[in-house]
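S.K.: A predicted structure for the sequence below; I have some questions about it.
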Amino acid sequence: TAFTDYRIEQQEDEIVPLLSDEEWEDAADTYIEMCDEALDYYADHGEPIDIDNDVELGDLLVAMLFPLGISAIICFVLYSQMKTAKRKTRADEYMPGFALRVKRDRYTHTTRERVYDPPKKESSSSGGSSTDSDGFGGSSGGSF
């Protein structure tokens, strides 16, 4: 009773292409998820998912984009009316009449970080040229 012909067609549309592509695990996961959705909907609403009560993605997008568009228009109108806003450069300009009696800065501490950098060993070279294991001289990945 929880699965109508409409829901079974939806499952076939989702699962058959996965089986055709031999994606067995994805097909099984999709089947389990769709059955879970159908059974949960039936348990919560007392009726199966059918054509008249199924929420499509397009309906969901319209339901989300329409209010978003209205709020964007309102924000744009309010923003365009905001002509008196001026940038404040000092903190006391935000609270007129508020003045500190004592203004004092105190140095509290210094944080130092030390990183040990061991001295580099000087390499002694005997001169001449050297060859790598592949028979070429010089370092690999370098220029001439």
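M.R.: Arrived safely, thanks for sending. Computed from a prediction, not measured in an experiment: that's the story for all the values here.
S.K.: contacting residues around stretch 114-121?
M.R.: Residues outside stretch 114-121 that contact it (CB atoms under 8 Å, 6 or more residues apart in numbering): none are found. The C-beta positions use only the backbone N, C-alpha and C, and glycine is treated the same way.
S.K.: Looking at this structure, which helix is longest?
M.R.: In the chain, assigned by DSSP state H, the helix with the most residues is helix 57-80.
S.K.: And that one, how far out from the chain middle?
M.R.: Relative to its parent chain, helix 57-80 has a centroid offset of 22 Å by CA atoms, centre = their mean, to the nearest Å.
S.K.: Please apply the same query to stretch 26-42.
M.R.: Distance, centroid of stretch 26-42 to centroid of chain: 27 Å (CA atoms, centre = their mean).
S.K.: what's D5 sitting at in phi/psi?
M.R.: phi -60, psi -40 (degrees, to the nearest 10).
S.K.: Near it, how many residues? Count them for me, please.
M.R.: Using other CB atoms under 10 Å, D5 has 9 neighbouring residues.
S.K.: need the contact list for it.
M.R.: No contacts exist for D5 under CB under 8 Å, 6+ apart.
S.K.: switch to numbering from 11
M.R.: Okay, using 11 as the starting number, the last item reads as D15.
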